[in-house]
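I would like the atomic coordinates for the input below:
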Amino acid sequence: MCGRFSLISNPEEVEALFGLIALDPFPPRYNIAPTQPILMVMAGTPREPGSNLPDRQALLVRWGLIPAWVKDTKAFPLLFNARSETAAQKAAFRTAMRHRRTLVPASGFYEWRQGNKKGAQAYWVRPREGGIIAFAGLMESYAEPGGSEMDTGTILTTSASSDIAPIHERMPVVIHREDFARWLDCRTQEPRDVVDLMRPTEPGFFEAVPVSDLVNKVDNAGPELQQRVEPAAVEKADPPPAPAQMSLF
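Alright, predicted model coming up:
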């Protein structure tokens, strides 16, 4: 599961990793939650021979995918995650899995371990070597009955790696840089061709830092959310409330 994540790198670092140009400035985001806008990278128009223009594009989407066939968004569940093992078969994700696979730039994500006597312990899960990572995502454009359009997206998950398993059984799918092109290529690479990319990260890739329960509240959005604490020192660490479907329009 991935219900909160962070992107604290600057636009220039994101541009360099994903092969983008001229991203609009954005501030560090320490506590990104479902229904908020998230940055996604998609394959763009193929390059002309000799062109220096990138063949990838960045866009902001609402985190929580809405399939095109949904009639009542208020009654539809908030699809901020999709199980990678079944996404190609599920009606909600099947079309996006075939035609609109994306990358989601991130600095790491938050997870909660249940069973602590004082409540659920929050962890900031980050790459051990630092830097930006790319979650596997799916995008779907939704046209509401009034005629306006909105881009929406979800993050794919897989079984947890050995680094994450003691905390939670699921984790986001991470696409490594050398696999960006294949993952984004929805013209020649069908879902069955990229199944091997939807796997847990290798042991030692992530480290999990215990943090305070400040992250549980969406309004808390500063760097203090990622400061290490001693788990025993957490007086109260209730898990964040399950995100509810919000009015979209």
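
max-length helix in the protein?
When the chain is parsed with DSSP state H, its longest helix is helix 11-18.

return it as PDB; C-alpha atoms alone will do.
Output of helix 11-18 as PDB, limited to C-alpha atoms (Å, rounded to 0.1, in the frame of the first residue of the first chain):
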ATOM      1  CA  PRO A  11      12.500  20.500 -10.600                       C
ATOM      2  CA  GLU A  12      16.000  20.400 -12.100                       C
ATOM      3  CA  GLU A  13      16.800  17.100 -10.500                       C
ATOM      4  CA  VAL A  14      13.500  15.700 -11.800                       C
ATOM      5  CA  GLU A  15      14.100  17.000 -15.300                       C
ATOM      6  CA  ALA A  16      17.500  15.400 -15.400                       C
ATOM      7  CA  LEU A  17      16.400  12.000 -14.300                       C
ATOM      8  CA  PHE A  18      13.300  11.700 -16.400                       C
END
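
that helix: which residues count as buried?
When neighbours are counted by 16 or more other Cβ atoms under 10 Å, the buried residues of helix 11-18 are found to be 11, 14-15, 17-18. All C-beta atoms are positioned from the backbone trio N, CA, C, and that covers glycine.

helices or strands up against that helix?
strand 56-63, strand 101-106 (3 or more Cβ pairs under 8 Å, 6 or more residues apart in numbering; DSSP states H and E).

so which residues of this structure form helices?
11-18, 94-99, 180-184.

gap between the first one and the chain center?
This means helix 11-18. 17 Å (Cα atoms, centre = their mean, to the nearest Å).

so what's Gly108 bridging to?
Beta-bridge pairing of Gly108 under DSSP bridges involves Ser6.

check it and give its pLDDT.
Confidence at Gly108, expressed as pLDDT, is 98.

understood, closing this out.
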